[in-house]
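Chemist: Can you look at this prediction? I've put the sequence above it.
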Amino acid sequence: MPSAFSGLLYSLHDSLMLLAPGGWLTVEMKFEPINGALRVTELSTRGEGSKAPKPKPNLHVDPRNEAERLSDAMGELAAMISWSGKTWSHGQVRVERSDDFAEWKLLRDDGSTLWFSRLTQTELDALLITDSLFDAIEGTERAFHDLQHRLEHRLGATIGFGFDSETSELTLKREAGEKVIVPVQVVGQYLPESFTWAWSWGDETANPETFSRVRKVCEPDLRPVGLSALWRAHFHCDEGFAWALASHVVVSIGARGLFRAELPEGQGAVFFAVMADP
């Protein structure tokens, strides 16, 4: 596959994984020009025989926004293909996957293939959105829900926070004026201006003790197959997706829940795993 297409196809496949039901083997999409831009208007899937779709965790991603990202990326792909002398301005796209690869095909009106490209399993395993990631988050989703409900009930409303990086303690101020001090691990930070999630262990200036347990779960040195969302130091995503990743880490390190500390002047938010009941 020409390298010029690689990044675009990776982005397209991530979006498709978010939009399609779990366990799909074939996806067919229809794209039409709407208001001067290419937009996906239909998406249908086929899975493994008569089995029900494989469960997917809630990644807190708005499907409408993801469909728009998919459409924009497809428009870019169509433009790139036109530079090679092949015209595809709208129509049907078919994606088929097996245990070894996934093929993206842009079809002519008669159903024949105008253009195709293949993503190897090695490439698919290195993408942000994978079945392995779905399995990991789905496995901790219910436990996190219970933990978070209990933590929020015990904390109540808070109006301020302070973090001591030397002791790895978070001080929370309640509306009544009282303060609560809890041990924490810094999970990461979300930067809304750049739509970027940054894992705490990627900050070389921070005290390693503040994120040691988080780093152990993410395994950036081992880079486990299919879990690049855990071992990439930072990447672009919605904040809801970052929350889903952080929730998985909370359960994996034995924390009591997740506290989102909003930074002033729209600078984003820091996510803390609360390690003991308040």
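Modeler: Everything's here; your move.

Chemist: who's in contact with residue 154?
Modeler: Applying Cβ atoms under 8 Å, 6 or more residues apart in numbering to residue 154 gives the contacts 277-278. Using the backbone N, CA and C atoms, a C-beta is placed for each residue, glycine as well.

Chemist: Could you give the number of residues near residue 166?
Modeler: Neighbour count of residue 166, defined by other Cβ atoms under 10 Å: 8.

Chemist: Distance check, the closest residue in space to it that isn't next to it in sequence against residue 77.
Modeler: Excluding its sequence neighbours, the residue lying closest to residue 166 (Cβ to Cβ, 6 or more residues apart in numbering) is residue 207, at 6.9 Å. Distance, residue 207 to residue 77, using Cβ to Cβ, to the nearest Å: 44 Å.

Chemist: So between the two, which is more surrounded?
Modeler: Shown here are residue 207 and residue 77; by other Cβ under 10 Å, residue 77 has more neighbours (22 against 14).

Chemist: If we ignore the residues flanking it in sequence, what's nearest the more buried one?
Modeler: Take residue 77 and drop its neighbours on the chain: the residue closest to it by Cβ to Cβ, 6+ apart is residue 8, 5.4 Å away.

Chemist: Which positions in the host helix or strand of that neighbour come out as buried?
Modeler: Assigning secondary structure by DSSP states H and E places residue 8 in helix 3-19. Judged by neighbour count using 16 or more other Cβ atoms under 10 Å, the buried positions of helix 3-19 are 5, 9-19.

Chemist: Equivalent analysis for stretch 259-275, please.
Modeler: 259, 261, 268-275.

Chemist: Dump those to a markdown table, plus distance to residue 234, secondary structure and pLDDT.
Modeler: Output for the buried residues of stretch 259-275, formatted as a markdown table (distance: Cβ to Cβ, whole Å; DSSP: H, G, I helix; E, B strand; the rest coil; pLDDT from 0 to 100):
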| residue | distance to residue 234 | secondary structure | pLDDT |
| --- | --- | --- | --- |
| 259 | 21 | strand | 98 |
| 261 | 18 | strand | 96 |
| 268 | 12 | coil | 94 |
| 269 | 15 | strand | 97 |
| 270 | 14 | strand | 98 |
| 271 | 14 | strand | 98 |
| 272 | 18 | strand | 98 |
| 273 | 18 | strand | 98 |
| 274 | 23 | strand | 98 |
| 275 | 24 | coil | 98 |
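
Chemist: quick one: buried residues of the helix or strand hosting residue 150?
Modeler: Residue 150 belongs to helix 131-155 when elements are defined using DSSP H and E. In terms of neighbour count (16+ other Cβ under 10 Å), helix 131-155 has its buried residues at 131-138, 140-141, 144, 147-148, 151, 155.

Chemist: Which one of those residues is nearest to residue 67?
Modeler: Among those, residue 134 lies closest to residue 67 (Cβ to Cβ), at 18.8 Å.

Chemist: That closest one: what's its closest spatial neighbour, skipping adjacent residues?
Modeler: Distances taken as Cβ to Cβ, 6+ apart put residue 56 closest to residue 134, at 5.4 Å, once the chain neighbours are dropped.
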